[in-house]
Structures are given as C-alpha cells and as structure tokens.
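J.: kindly generate the corresponding structure for this input.
(2 chains, ligands or ions: 2)
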2 protein chains.
Amino acid sequence: MAEDPLSHPALDKAAGEEFLREAFQIILEEAVRKGTDVTEKVCDWRKPQDLQEILDLELRSSGEPQQRVLEHCRDVIRYSVKTCHPRFFNQLFSGLDPHALVGRMITETLNTSQYTYEIAPVFVLMEEVVLKKLRELIGWGSGDGIFCPGGSLSNIYAMNVARYQRFPDSKQTGIWALPRLAVFTSQECHYSVQKGAAFLGIGTDNIYLVGVDERGKMIPADLEKQINKAKSEGACPFFVNATCGTTVLGAFDPLADVADVCERHGAWFHVDAAWGGSALLSRRHRHLLRGIERADSVAWNPHKMLMTGLQCSAFLLRDSSGLLQRCHGANATYLFQTDKFYDVAYDTGDKTIQCGRKVDCLKLWLMWKANGTEGLEKRVDRAFEFTRYLAEEIKKREGFQLVIEPEFINLCFWFVPHSLRGKEGCADYWERLGKVAPAIKERMMKKGSMMVGYQPLGSKVNFFRQVVTNPVVTKQDLDFFLDEIERLGTDL
Amino acid sequence: MAEDPLSHPALDKAAGEEFLREAFQIILEEAVRKGTDVTEKVCDWRKPQDLQEILDLELRSSGEPQQRVLEHCRDVIRYSVKTCHPRFFNQLFSGLDPHALVGRMITETLNTSQYTYEIAPVFVLMEEVVLKKLRELIGWGSGDGIFCPGGSLSNIYAMNVARYQRFPDSKQTGIWALPRLAVFTSQECHYSVQKGAAFLGIGTDNIYLVGVDERGKMIPADLEKQINKAKSEGACPFFVNATCGTTVLGAFDPLADVADVCERHGAWFHVDAAWGGSALLSRRHRHLLRGIERADSVAWNPHKMLMTGLQCSAFLLRDSSGLLQRCHGANATYLFQTDKFYDVAYDTGDKTIQCGRKVDCLKLWLMWKANGTEGLEKRVDRAFEFTRYLAEEIKKREGFQLVIEPEFINLCFWFVPHSLRGKEGCADYWERLGKVAPAIKERMMKKGSMMVGYQPLGSKVNFFRQVVTNPVVTKQDLDFFLDEIERLGTDL
Ligand SMILES: Cc1ncc(COP(=O)(O)O)c(C=O)c1O
Ligand SMILES: Cc1ncc(COP(=O)(O)O)c(C=O)c1O
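T.: Numbers count the residues shown, from 1 in each chain, chains lettered A, B, ... in the order given. Ligands and ions are numbered 1, 2, ... in the order given. Down below sits the predicted model:
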C-alpha cells in the first residue's frame, strides 16, 4: 500500500532552517554590511528594460533549486537601493537601526495580526504602551490611538473621525443629507489630505487651501478668512489640518494660533506630524510643535525620522470616550466575540478599518528599550546639527544657494553651475536652473555615489531637498555630498 | 580640543551586527524551531494583568544593556501565539514558509517604499510580474492592480474605483450631487464592505444585504430583487460584491449568475476572493470560482491560504486604461516628477491612497520561485484533502456535528458534550450548546494545546471554525485535534 502523504509534513523543516541560515548570512553581508559601506554604491542603477533582463522574474510551473533561489536573493539585494547607506539622502527615511530591524524580523517570524488579545497578547499590550508614550510626548494624559499603515491613512482616519464626531449618523446614512463639508489645510500640506478628501466622498474641491508665509507656514489669519468664506458659501468647516514638518520645506504651522481659530469655529484640529512629530523627543527642538497638545488628533510616523522601518505610523487621539471604536467599529461576531473568557476591552482591532493588521509597535518598542528616550533624543538633535552644519557650508560655497533657511532638517538648495552664475538677470535663468537638478540626479544615479531628491515648489524651479536622519552619517559624508554635487554639476 | 561627535558615526556597526546575529539565533530557536514543534505549547497564555507584570513594557529615559534587550526578545516570542504551530487552526492564516520568511526579512532589511522606480527598481518590476501572474490565474490577459495593506482595503478600493468610474467628477465635487449610491453584498460577506461604505461616505444603510441559500451562497434572484428595490427607492445600484470563500462558512457565491445580474444593471462587479482566491491555483478546485474572469475587480490575499505572511493583499482590476491611477492619483510633484531621466510609467505609487508603501510582493515571489505554481497547487489541494478527511472523521464520531458540508477548507462544527446529547428537543438546548465552544476554547487556551476559533452565525449558536493551511500539519495532528476537543469538552 502506498504511503499516505497526509501522514507526513509536506514541508521539510530542516531544509527550511538551513535555507533561513544561508539567507540570513546573505542578508548580513550583502544588505547590512555592504549596504552601509561607504565604499559601495548606494544603488547599482539599471534601466527598467535592462533590469528586467538581468533579473529572471518570471514565475513558472516548477520550483527552482535552493542555490538558484539564494542567487535570486543576492540579485534582489544587489539591484535594490540601499536606503541604509550613509550617502542616501533621498527620502524622509533612511538608515538601519539594528534593534528596530530585529523587532521587524521577530514580527515577521511570529506573523500574527494585531486585532485581538487572543491572537496577539504581547502586541496588544505593547501597542498601548507605545501609543501612551507618544501621547505623553504630545502632552496628553489620556487619549486613544492605533498604528496604521502609513501617515496618509493616519491623516485620512483623522478626517473620518472628525466627520463622525460631528455627524455620527453619517456612518449609517452616508453624507448626502450633510451640509457640504469643508477641509482646511495649507498649500504646503502633504497630498494625503487631497487623497483623503476624494476617498471619503468629500471631494478635493472642498479643500480650502490656506496661504503660507515665506517660510511655508500656514497664516492663521488666512485660515480664518477661508473658514469664513466657506461658511458664506454654505459649507461646514469641520476639519483643519496643520502640518508639523512639511514634506518639502520642513515648515511647522503655528499650532497655537491655528488652535485658536479651530476653537472659535468648532472645527476638528488635526496635526499632521508624520514627519516633524519626532522633534518632540528633543528638549531643544520640541518648541517647534508648541500647541500640539491642543490638537484633537495627531499623525506621527516613527518610520521616518526615528528609523523604525516602514511602516510605523501612529494615529493619536485626545478623545478617550471610545470615539475611534465607535467611528470605525463593525462588531464582527466571528472575531470580536463578547463571550470570551477575558476582558474583551483588550480586543482593539475594531478601532481601524482594517481586519488583519500588521504588528507595527515591536520595532519601535525594542529600539526605544535599547536606546532609551535619551538615545532617541540624541539622534534627533544630531540630525538638526547636521542640517545646521550643511546650511553653513552651503553659505560658504560658491554656486550653492539655500532656498530657505532650514528650521527643521529639510535642507533645500539650488546648485548653480558655472554657466549660470551671475546670470540671474537673464530671461531664461530660472528655466535653465530648473534643469540642473534633474541632470545632476541622473549622473548621480548612474554613478551610484549617492542619492538625494529634487522637486519644484510653487514658482520655485527644481531644487534639491536633502535630509539626514541616519546616525552613521558623518561630517565627512556631508562634505562629500556637497563636493559631489559640485563635481557632477559644474560643467552643466 | 574636544573631538567633534559629528565626525564619527553615532551607531556602532560592529555591535549592531553582533546583536543581529544573536537575535537571529533566538528567532531561529525560539520562534521557528519551538514555534513549529508539536511538543511545545501553541501559546503560553497569561491574563492581560499578569502578562503586563511579566513583561517589562515601560519605556524609560535610559537604554537597556544588550543582554537585557535580548531577554526582551525571548519574552516577546515566548508569550506570543505561535501561528506557525501545527496545532494552530484559529485564523485564516497559519504556518511558516521559509522562503516567504526570507522574502520578508530581505524586505525589512532593505526597507524601501514601493512608490517609484528610482527608490524600488527591483520591486516595481517584481510587483507587476506577480500581479500579472495573479491576473492570469483569474483569466485576464491584461489589467491593472496594486498590493495594498489588507483585503479590507482592497475591498474598499474596489468600491471607490467603482464610484469613480461611474461618477468621475465626484473625486473633485464629493458625492453630494450624486444619487444615493447603493451597495449589494450577501449577508455572509466580510465586514469590510460595511466599514468601506461608512468610510467612503456612502453609509451602511445603503448596503442592501442579499439573501443566501442554505450553503451560504448569494441568491442571484434576490440580488436582482434588491437592485430593483433600490432603484425603486431612487438609489443608484453601482456596486455588487460577491464573495469567494466567505469568512465563516467558506461559501462561494455563484459568480457567473451574479455577473449576469450586474451586466443587466450596469453595476460594477467586485469579487472578494481574499480568502478563496488561492483555490485558483488548483486545477481540481478552481471551478469554485467559475465566472471570476467576468469581474471588474478582485481582492485576493496571498497572506491567507498561501502563507506569505501578513500583509499581502492584491487588488486586481480588469481595466487597463489607467482607471486606478486616475481614481487615486494626486500627481505630487515632489515624488512623481515628470522630468525624470527614465520612463515614469514605472512610478506606480500614485495608484494607491498611500504614500509610503511597504513592499509586499517579494515574499510571494520568492516562495513562488522556490515552489513553482505546481508546488503551491499541491498545498492548496492538500488543504482541501485535510478538510475532507476531518469532515468524514466528524461524521464518524459521536458528539460532533457538522454545521454545513464543507465546500472549501472552512470546517464548521459543533461539539455536543455528553450532558446535551439526545436533548435536541429541550427548550434550552441551543442556548446551552452555544456555551460549549467558549468553554472549550478557554480550557484549550489555558492548556496551550491548540487554538481554533468559534463564532455564532445568524440563528446558529457558537460553533467551531477550523482551518488548515499549514503544510506541516499531518493527519495525526487532525486526529489529535478532534480527540482534544472531546477531552476538553466531554464533561461540560
Ligand atoms: C508631512 C507628511 N505627512 C504625511 C506623509 C505620509 O506618510 P506615509 O508615507 O507614511 O503615508 C508624509 C510623507 O512623506 C509627509 O511628509
Ligand atoms: C472574505 C474576506 N474578505 C476580506 C477579508 C479581509 O482581509 P484582511 O484581513 O486582509 O483585511 C477577510 C478576512 O478574514 C475575509 O475573510
């Protein structure tokens, strides 16, 4: 009689462990060690068509041998961008914290979902501890919150909770019977406000863009003006978004003044501190967020400045009456049974619009345990110091020009090649300058020496936005950064 | 002169590597090896208050020494549920695939965001290959799609894209000027349809629940009736959700018939195949999804049956005109610059409402490479066989009663303790039977011997829903499962 395959495991555990060991070795050497090695490339750039040929991406009927699969692992790492490299300045995240990485690896291995105590006992308790800590830094003694997949969703949650708080019936009835809802945010805000207004059925036309001053900060008087305008147009001003650390310039809206306006008009006051929230860890710099304690809700992404790794975004609420649960809850009986043998108040998963939800707290918790609040504070302070250092260097160097004096750690500047210096008066000066950053970027990518982003902003043509959050970066890397921009761009 | 700290890295790379190595060893031993060891507990259960005391969760000013941090790692693993354990049958996901895990670890180490080719060259190409493969299994030669953080969001995306396709202006104007939108779904559908209707401003009252037959399948004639009812009430029937593999019973709605109704009424036809989609890999069982190729969109979660690990959910569209991008796009100039030196059609991140987006494709791709389509098919077939085996065993055993003959791999049954056998006629029979599953569950959790979920459904009192997707499970584990239910429940 043939052996019954169901009586034997269909997965070879020993072979699996061996594969894990070998792959871990590759990860350590190729991604961690080489990825952070300043003598290696930040990115081994290939055109899409070429990369497609190099990588054998096709999925076939038959499996491939282990050695071939390990080669794929090497290739994936090789041709990926090393965001942990000391010369990666391209995004609002960078660097590799070993404790956070271990937190992520444990998360991935345990592979559970953060919805009930039953299935995630440690993480339900841990999430609450971490959220409480973040709330304390905001200045709240109580409140609520949840980790959610990104700051965009945190901002969108805020808009939905604000709507629900004002018009609780709309959860059932939809928004047809509601007055036209109006959203207020500065023109420098993150695009997730726009995506959220569209997604929630409010519509992007109902966003009133508030003017900013020359530093990119919302003008409270204009906020008031826009609110009054909306009211006169029959709209209901229900939601104000202020940004702490705008994406491009790193500007902080004046929270206390914005809070005053919100109070006067009974609008929900949300603070998008996805980027700038981590400055709360610094005794020296937390003044930038003065007034944040008056917010109704805050979005804060430790995956950016704090280096926890994607995704780690806290949506925090001042409310502690259960608003979040009432707003998002569906009380599914197959998951959130009420006849469980433990206190089901620990089953926090119904606070979100997700069902399965990744554990995003462990990486932050473990890193915090290892470094302490003071260790994290040092990193934040160091990032500010680097920005200061670079800004001063830029002022000393010919051909470099700050777009704006940095208040945070976004360093925005133009590089003016020889051919354009002293030509500010020419009609095509700005048009030609706008082509410099993309050209330098292309050379930099193809060389693999570093990465930094650029963008236009309003009437300002393309400029670089450089950001350092990675604590392995040194002054030497920053000097290299400026030298390299010069080397790559001087002949343009 | 004091040394300038900015001239030195503020993170000790060698110590970091050493920590990674030690932690990996702990992960391998405590989570992978013990976690899958049948002689170990599935969960070392503690009450919330007790667990809070055992774990030192508090975050303090000072960092803790490495050895203490490693102890924390051990504790986190120890008190977490082992979803990879051969006796974990509690969720729609379980098991640990070593290739998928390596994919997750590489993802975590590289820590990039899946929005532009610039920052995720390998993963942008890879995501498209994986999505294309999934679309082919659906039967689509072209189309679109994106990985998003969970099946709930995939379903919500579907609803939003459907609304946009019908009323493109509503992205700008909001939905005030639109007719009342009506959503159709069976009463057995996942609660994310409800969450989505609330979130998108449509309202849960505007969901028309369609009746199901005795096997939990949507009745197409009732769908038609509900659509006509909605029309007569002045609503616009724009979206029909059919489920392939309902959460509790594992029922498959009759897609071809539902498609006919949708066509007649011009409604968007979405298939929530979050759970059942993976049956498409099996030549023996894919007939369950006959008609799926007629859907406008499909949600499919490889993180459930295919064991990729959370989160891995594909939102797939038949449209290839760029609808998804137009619906969700915001064209942020700081990220999606159009003057890049490569073809920006590869910058796919604007198709979602997220900004930063985790890489969810690598784990599935690597697992697929290692196993081939045929290897994955074998796993799917094995899961079906296990369910069949258990269903037959249950029929042979006294005290066990199927709630429904399984069509998929959800095995739903009651256990009737001695005290209740033959008492079906008693007035309080069902009330008492409804207390049996929670009581058994409590004993099981405290003992740590296994985990299986229970829930009530409609008029049916609490019953167990058992699911096997993990290929290390054997017949012996299933025999143990039934024996253990009996042991734990016999005296109730
Ligand atoms: C100010 C601001 N808010 C929100 C976000 C969105 O965060 P996420 O990428 O996590 O969605 C960003 C991202 O860069 C941001 O800069
Ligand atoms: C049928 C069905 N659809 C959607 C979902 C939601 O998937 P996720 O947990 O990834 O949000 C589930 C989850 O169990 C489900 O069973």
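J.: and the nearest residue to residue A:162 once chain neighbours are set aside, how many neighbours?
T.: For residue A:162, ignoring the flanking residues on the chain, the nearest one in space by C-beta to C-beta, 6 or more residues apart in numbering or on different chains is residue A:268 at 3.4 Å. Backbone N, C-alpha and C define where each C-beta goes, glycine included. Residue A:268 has 21 neighbouring residues, counting by other C-beta atoms under 10 Å in any protein chain shown.
J.: got it, and the one 10 residues further on?
T.: Using other C-beta under 10 Å, residue A:278 has 29 other residues around it.
J.: where does the spatially closest residue to it that is not a sequence neighbour fall, phi/psi-wise?
T.: Excluding the flanking residues, the one nearest residue A:278 by C-beta to C-beta, 6+ apart is residue A:305, at 3.8 Å. The phi and psi values for residue A:305, taken as degrees, to the nearest 10, are phi -60, psi -30.
J.: under the pLDDT cut-off, which ranges of chain A? List them.
T.: Chain A contains residues with pLDDT under 70 at A:1-2.
J.: can you list the domains in it?
T.: A:5-36+A:44-78, A:113-358, A:372-489 (automatic domain parsing).
J.: secondary structure element holding the closest residue to residue A:121 other than its chain neighbours?
T.: Leaving out its chain neighbours, the residue that sits closest to residue A:121 by C-beta to C-beta, 6+ apart is residue B:51, at 5.7 Å. Take DSSP states H and E as the rule and residue B:51 turns out to sit in helix B:48-54.
J.: helices or strands next to that helix in the packing?
T.: helix A:121-138 (3 or more C-beta pairs under 8 Å, 6 or more residues apart in numbering or on different chains; DSSP states H and E).
J.: in the helix it packs on, which residues are buried?
T.: For helix A:121-138, burial by neighbour count (16 or more other C-beta atoms under 10 Å in any protein chain shown) applies to A:121-135, A:137-138.
J.: ditto for stretch A:471-478
T.: A:471, A:472, A:473, A:474, A:475, A:477, A:478.
J.: same thing with stretch A:186-204?
T.: Applying 16+ other C-beta under 10 Å to stretch A:186-204 flags A:186, A:188-204 as buried.
J.: close to chain B as well: tell me which of those qualify.
T.: Subset of those in contact with chain B: A:190-192, A:194-204, counting by C-beta under 8 Å from any C-beta of the partner chain.
J.: so residue A:314 sits in a strand?
T.: Yes: secondary structure assignment places residue A:314 in a strand (DSSP: H, G, I helix; E, B strand; the rest coil).
J.: run a quick neighbour tally on it.
T.: 29.
J.: quick check: beta-bridge partners of it?
T.: residue A:147, residue A:300 (DSSP bridges).
J.: strands along the stretch 51-200 of chain A, start to end?
T.: Taking DSSP state E, counting those that start in this stretch as the test, the strands found in the stretch 51-200 of chain A are A:88-89, A:144-148, A:181-186.
J.: can I get those in TSV with distance to residue B:362?
T.: Output for the strands of the stretch 51-200 of chain A, formatted as TSV (distance: least, C-beta to C-beta, whole Å):
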stretch	distance to residue B:362
strand A:88-89	19
strand A:144-148	22
strand A:181-186	35
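J.: tell me which of the ones you listed lies nearest to residue A:321.
T.: Closest approach to residue A:321 among the strands of the stretch 51-200 of chain A (C-beta to C-beta): strand A:144-148, 8.4 Å.
J.: now the angle from the closest one to helix A:121-138?
T.: Using axes from the mean of the first three to the mean of the last three C-alpha atoms, to 10 degrees, the inter-axis angle of strand A:144-148 relative to helix A:121-138 is 110 degrees.
J.: tell me which element the nearest residue to residue A:295 once chain neighbours are set aside falls in.
T.: Of all residues not flanking residue A:295 in the chain, residue A:271 sits nearest, at 4.3 Å (C-beta to C-beta, 6+ apart). Per DSSP H and E: residue A:271 is located in strand A:268-272.
J.: so what secondary structure elements neighbour that strand?
T.: Partner elements for strand A:268-272 (3+ C-beta pairs under 8 Å, 6+ apart): helix A:151-166, strand A:236-243, helix A:255-265, strand A:297-300.
J.: how about residue A:380, what does it touch?
T.: For residue A:380, the contacting residues are A:278, A:279, A:281, A:282, A:285, A:305, by C-beta atoms under 8 Å, 6 or more residues apart in numbering or on different chains.
J.: switch the residues you listed over to TSV; also include secondary structure.
T.: Shown next, in TSV, are the contacts of residue A:380 (three-state DSSP):
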residue	secondary structure
A:278	helix
A:279	helix
A:281	helix
A:282	coil
A:285	coil
A:305	coil
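J.: tell me the one of the residues you listed nearest ligand 1?
T.: The closest of the contacts of residue A:380 to ligand 1 turns out to be residue A:305 (C-beta to the nearest ligand atom; 10.6 Å).
J.: pretty sure that closest one contacts residue A:275?
T.: Yes: between residue A:305 and residue A:275 a contact is recorded at 7.1 Å, counting by C-beta atoms under 8 Å.
J.: between those two, what contacts are shared?
T.: residue A:92.
J.: that older thread, closest one to residue A:490 among the strands of the stretch 51-200 of chain A?
T.: Comparing those by C-beta to C-beta, strand A:88-89 comes nearest, at 19.6 Å.
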